[in-house]
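> Sequence unavailable; structure follows:
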């Protein structure tokens with residue numbers, strides 16, 4: 001079901017934290033139609049707002065490696081642009097902070113926006129879930145916002161620290177996702193971007209096929225439809241795939 005949004009008990013708490021900070025995760029693409037050269041994470045906030053003290057931390061959610069910190073992106077020295085967006089990603093998406101192609105995991109993953117994160121204490125390779133139960137064993141910082149993606153029925157851990165998990169996309173991991181409504185940490189729900197909508201050269205995603213986001217739009221307003229949202233609880237979604 002492409003329009004499923006998985007929710008967890010702490011999602012409301014994270015929404016409050018995100019609203020207080022103003023900066024939220026607004027859109028992402030982790031797998032695009034070419035060679036993983038249009039991957040990005042888009043933040044939304046007040047124009048000119050400083051990103052000092054914030055860090056994007058990617059935590060593996062798939063298989064035996066679940067819980068390992070995959071990547072750490074410090075946002076110190078940067079600020080939200082005049083349009084209200086800040087894009088981290090490949091050169092092809094005209095990012096504000098450019099990273100090498102392939103920097104974000106295609107499979108199950110957790111995207112965390114953290115305050116008070118110390119990369120010296122928790123470097124890449126740190127295991128936050130040694131027993132593999134999809135629950136973090138300790139805190140690594142203040143969770144400002146977060147979103148995970150994957151295939152929960154296959155055992156992907158994609159809701160560390162109570163973040164919202166998105167997926168599956170049929171039998172696949174979501175290629176990307178966007179908030180509808182744009183930039184709204186409290187009422188803005190996550191929906192999947194299909195693989196063919198991850199680049200402007202693709203054929204896009206259609207509501208008829210169950211997608212509510214037509215194309216990825218790094219650095220611009222999310223391309224969401226006005227179709228009514230459909231939500232499911234974690235347990236309800238798991239029952240559908242038994």
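Thanks, I have it. Note that the coordinates shown come from a computational prediction; the quantities given were computed from them, not determined experimentally.

> Contacts only, for the residue nearest the centre of the chain.
Nearest to the mean C-alpha position of the chain, counting by CA atoms, centre = their mean, stands residue 147 at 4.0 Å. The neighbours of residue 147, taking CB atoms under 8 Å, 6 or more residues apart in numbering as the test, are 25, 28, 110, 111, 163, 164, 165, 166, 177, 190. Where you see a C-beta, it was placed from the backbone N, CA and C, and this is true even at glycine.

> Of those residues, which is the nearest to residue 95?
Using CB to CB, residue 28 is the member of the contacts of residue 147 that sits closest to residue 95, with 12.4 Å.

> For residue 74, see how far away that closest one is.
Distance of residue 28 to residue 74, computed by CB to CB, to the nearest Å: 18 Å.

> Over to residue 181?
29 Å.

> cool, and residue 80?
On the measure of CB to CB, residue 80 and residue 74 end up 16 Å apart.

> Who has more neighbours out of those two?
residue 80 (21 against 16; other CB atoms under 10 Å).

> Residue 27 bridge partners, please.
With DSSP bridges as the criterion, the beta-bridge partners of residue 27 are residue 42, residue 178.

> quick one, strands of the chain?
With strands called from DSSP state E, the chain shows them at 5-7, 24-29, 40-44, 54-60, 69-74, 85-89, 97-98, 109-115, 142-149, 164-166, 176-180, 189-193, 232-233.

> Columns mean pLDDT on top of the ones you listed, output as TSV?
Below are the strands of the chain laid out as TSV (pLDDT from 0 to 100):
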stretch	mean pLDDT
strand 5-7	39
strand 24-29	98
strand 40-44	98
strand 54-60	98
strand 69-74	98
strand 85-89	98
strand 97-98	98
strand 109-115	98
strand 142-149	98
strand 164-166	97
strand 176-180	97
strand 189-193	97
strand 232-233	40
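
> any chance of those strands in TSV, with distance to residue 135 too?
Shown next, in TSV, are the strands of the chain (distance: least, CB to CB, whole Å):
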stretch	distance to residue 135
strand 5-7	16
strand 24-29	21
strand 40-44	24
strand 54-60	12
strand 69-74	16
strand 85-89	27
strand 97-98	31
strand 109-115	12
strand 142-149	13
strand 164-166	13
strand 176-180	23
strand 189-193	21
strand 232-233	18
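
> Out of the ones you listed, which is closest to residue 214?
strand 189-193 (8.4 Å).

> Strand 24-29 and that closest one, what's the angle between them?
Angle between the axes of strand 189-193 and strand 24-29 is 10 degrees (criterion: axes from the mean of the first three to the mean of the last three CA atoms, to 10 degrees).

> now for strand 189-193, which elements pack on it?
strand 5-7, strand 164-166, strand 176-180 (3 or more CB pairs under 8 Å, 6 or more residues apart in numbering; DSSP states H and E).

> so it versus strand 142-149, what angle?
If you take the same axes, to 10 degrees, strand 189-193 sits at 40 degrees to strand 142-149.

> May I see the buried residues of strand 189-193?
189, 190, 191, 192, 193 (16 or more other CB atoms under 10 Å).

> Report the separation between the last one and residue 183.
Read that as residue 193. With the distance defined as CB to CB, residue 193 ends up 16 Å from residue 183.
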